[in-house]
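In: coordinates for the following, if possible.
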Amino acid sequence: MKPVKSLIPASRWLLRISLLVYLLLEHGKTLLSLQYQTQVFYIALAFILFGILLFAGGFTSKPSLTVVSAFLLSLLFIYYLYLGFVPRVTMPQVLNLLLLSVCLNFMALGNK
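Out: Prediction:
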């Protein structure tokens, strides 16, 4: 059976939308608490900002916005994996690895 290549644009937009919705749901409460003195606030702000930029990068013809925001999101997910590391497989680790792979996909392919 041959792959259905016509579904690639729809799947890439679903990845963008689901990544943005996840970041908003996961970090939105922290951002809305408006506790400017905490490091967690700025990390949540970075996650949401770069998620919005990755989504907005899909509307541009040049891939630079998508690639840069995906790179910075990848660094944030690597940081989260480092912070939450335990020597066993946990759901947060697997979820962060999955989201890291989505960001690396956007970083490697841009807006193709």
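
In: might you report the residue contacts of Asn96?
Out: Asn96 makes contact with 77, 80-81, 84, according to C-beta atoms under 8 Å, 6 or more residues apart in numbering. Where C-beta positions appear, they are placed from N, C-alpha and C, glycine not excepted.

In: got the buried residues for the helix or strand hosting it?
Out: Secondary-structure element containing Asn96, defined by DSSP states H and E: helix 91-109. Buried residues in helix 91-109, counted by 16 or more other C-beta atoms under 10 Å: 96, 99-100, 102-103, 106-107.

In: Phe85 - how many residues pack around it?
Out: Other residues near Phe85 number 10, with proximity taken as other C-beta atoms under 10 Å.

In: wait, it sits on Gln93?
Out: Yes: using C-beta atoms under 8 Å, Phe85 makes contact with Gln93 at a distance of 7.4 Å.

In: which other residues reach the strand or helix carrying Val67?
Out: Using DSSP H and E, Val67 maps to helix 64-83. Contact partners of helix 64-83, identified using C-beta under 8 Å, 6+ apart, comprise 19, 43, 46-47, 50-51, 53-54, 56-58, 60, 93, 96-97, 99-100, 103-107, 110-111.

In: quick one: average confidence on that helix?
Out: Confidence over helix 64-83 (mean pLDDT, whole number) is 94.

In: go on, stretch 18-25?
Out: According to the model, stretch 18-25 has a mean pLDDT of 95.

In: what of stretch 3-14?
Out: Over the span of stretch 3-14, the pLDDT mean works out to 92.

In: and it, which residues are buried?
Out: So, applying 16+ other C-beta under 10 Å, buried residues of stretch 3-14: Arg12.

In: endpoints of stretch 56-66, how far apart?
Out: End-to-end span of stretch 56-66 (C-alpha to C-alpha, to the nearest Å): 8 Å.

In: revised request: answer the last question for stretch 86-93.
Out: Length of stretch 86-93, first residue to last, C-alpha to C-alpha: 9 Å.

In: quick one: pLDDT of Leu104?
Out: 95.

In: the residue lying closest to it once chain neighbours are set aside and Phe85, how far apart?
Out: Excluding the flanking residues, the one nearest Leu104 by C-beta to C-beta, 6 or more residues apart in numbering is Ser74, at 5.9 Å. To Phe85, Ser74 is 17 Å away according to C-beta to C-beta, to the nearest Å.
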